[in-house]
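A structural model of the following input is requested.
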Amino acid sequence: MLHSAPLTRNLPYPVLVADIGGTNARFALIEGPNEPTKLCGQEGTKAHATIQDAIRAGVLEQGYAAPRSAVLAVAAPVSSDRIALTNASWVIEPPALIKELGLEQVVLLNDFEAQALALPSLSPVDLDQVGGGVAEQNATKFVVGPGTGLGAGAMIRSCGKWIPVPGEGGHVELGPLSEEEYRIWPHIERIGGRVGAEQVVCGAGLVRLAKAVLQADGVHRTYEKPSDVPLAADDGDEVAQKVLRLFSAALGRVAGDFAITNLARGGVYLAGGIPPKISHWLHGGEFRAAFEAKAPHEGIMKSIPTYIITHKSPALEGLAAYTRAPDEYLVDLTGRSWHRKDAKTTD
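Predicted structure coming up:
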């Protein structure tokens with residue numbers, strides 16, 4: 001096995017693309033450069049011991065063509081031959097994938113790098129705009145996504161190419177701002193002695209925030225899982241409604257921080273599983289007010305649009321777009337591409 005720069009920018013078809021999150025792994029297959037993306041469904045990360053097992057169950061055993069290469073987006077930093085997912089038990093080892101599945105090449109990207117790759121090709125039907133602002137063409141875009149965790153990534157246009165910039169922005173600090181937040185924040189569970197954005201703005205964070213609100217208000221009630229909170233809010237539960245207003249404001253504040261840091265005049269995009277499920281709360285005002293409250297630059301912030309991504313599999317589409325036209329993007333694959341040493345180039 002070799003761990004090196006890619007054999008070629010054009011991967012051998014069929015290409016398996018996968019979006020591997022903390023809860024689910026979603027798969028699709030691209031059989032040729034002009035072939036449509038074939039969605040293969042998803043497998044739960046807890047349902048299989050390894051990613052190899054998930055690929056066998058979700059792709060190979062379903063009758064799809066055996067892939068020759070794979071582009072995988074993983075919810076973790078990619079820095080070695082062993083990549084441990086941040087919010088799941090899988091450890092992904094590209095050499096093992098090549099050996100066990102007979103692949104010629106494996107490329108690993110950060111999951112929000114893949115989300116960023118999708119942004120230039122999203123159409124208006126894939127987006128639900130929250131608030132005002134107009135996206136500037138070919139300007140920097142930013143994606144932030146609360147789901148199992150909180151992911152973030154930028155998409156920058158330079159020298160005629162789109163450049164995805166991965167990161168771990170979900171772990172920035174998130175402190176209180178309003179009087180109400182100062183009352184609630186002392187009750188938020190700390191991890192490593194701090195309150196990071198991901199501790200509040202994600203699925204587990206929604207439950208963590210709800211517990212803090214209940215303790216601060218002296219209310220005896222429980223929300224066992226993230227979906228309990230919006231369900232209770234829609235049924236008129238005033239505590240759950242307060243939690244969702246606080247959650248929306250926290251997401252808006254974090255998204256605004258990323259927007260002003262990157263001057264994302266191409267828009268800020270909300271990915272992940274949570275935003276579409278609480279869209280009416282995000283439209284309620286707290287999200288956009290917190291997003292724009294970046295004095296002295298409120299004017300800039302009002303001009304930057306924010307969108308909920310409604311596309312079902314944006315990361316897979318981003319990976320597919322990169323697979324079909326790699327020369328339109330500038331992706332640094334140093335240390336992130338593995339190939340079988342007897343594999344032949346496709347050029």
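
show me where the stretch 151-300 of the chain has strands.
All strands of the stretch 151-300 of the chain, identified by DSSP state E, counting those that start in this stretch, fall at 161-166, 268-270.

Mind putting those into JSON lines with mean pLDDT, distance to Glu113 and mean neighbour count?
For the C-beta atoms, the positions are set from N, CA and C on the backbone; glycine is no exception. JSON lines is the format used below for the strands of the stretch 151-300 of the chain (pLDDT from 0 to 100; distance: least, Cβ to Cβ, whole Å; neighbours: other Cβ atoms under 10 Å):
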{"stretch": "strand 161-166", "mean pLDDT": "92", "distance to Glu113": "4", "mean neighbour count": "19"}
{"stretch": "strand 268-270", "mean pLDDT": "98", "distance to Glu113": "14", "mean neighbour count": "27"}
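
As a markdown table, those with distance to Lys294 would be great.
Rendered in a markdown table, the data for the strands of the stretch 151-300 of the chain read as follows (distance: least, Cβ to Cβ, whole Å):
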| stretch | distance to Lys294 |
| --- | --- |
| strand 161-166 | 21 |
| strand 268-270 | 12 |
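
Which among the ones you listed is found nearest to Ala76?
Set against Ala76 and scored by Cβ to Cβ, the strands of the stretch 151-300 of the chain come closest in strand 161-166, at 10.5 Å.

Need the residues that contact that closest one.
77, 109-110, 112-114, 116-117, 120, 153-157, 328-331 (Cβ atoms under 8 Å, 6 or more residues apart in numbering).

now with 10 Å?
For strand 161-166, contacts defined as Cβ atoms under 10 Å, 6 or more residues apart in numbering pick out 73, 77-78, 109-121, 138, 140-143, 151-157, 262, 318, 321-322, 327-332.

So which of the residues you listed belong to helices?
Filtering the contacts of strand 161-166 for membership in helices, criterion DSSP state H, returns 111-118, 262, 318, 321-322.

Do I have it right that Ala75 meets Gly149?
Yes - distance between Ala75 and Gly149: 6.5 Å, which falls inside the contact criterion (Cβ atoms under 10 Å).

count of residues packed around the closest residue to Gly133 other than its chain neighbours?
Ranked by Cβ to Cβ, 6 or more residues apart in numbering and with sequence neighbours excluded, the top spatial neighbour of Gly133 is Pro305, at 3.5 Å. Applying other Cβ atoms under 10 Å, we find 21 residues neighbouring Pro305.

Need the residues touching each of Ala75 and Gly149.
Overlap between the neighbourhoods of Ala75 and Gly149 consists of 21-23, 85-88, 111, taking contacts as Cβ under 10 Å, 6+ apart.

Quick one: residues contacting Tyr182.
Remark: with contacts taken as Cβ under 10 Å, 6+ apart, Tyr182 is in contact with 175-176.

one step back: closest to Glu180 among the shared contacts of Ala75 and Gly149?
Nearest to Glu180 among those, counting by Cβ to Cβ, is Asn87 at 28.9 Å.

now the residue nearest to Gly133: how far from His280?
From Pro305 over to His280 the distance is 18 Å, taken as Cβ to Cβ, to the nearest Å.

Repeat that for Pro36.
For Pro36, the distance to His280 equals 33 Å [Cβ to Cβ].

can you check Ala264 too?
Ala264 is 24 Å from His280, by Cβ to Cβ.

Ile308 now?
11 Å.

Looking at the two now, which is surrounded by more residues?
Neighbours were counted for Ile308 and for His280 using other Cβ under 10 Å; Ile308 has more, 22 against 11.
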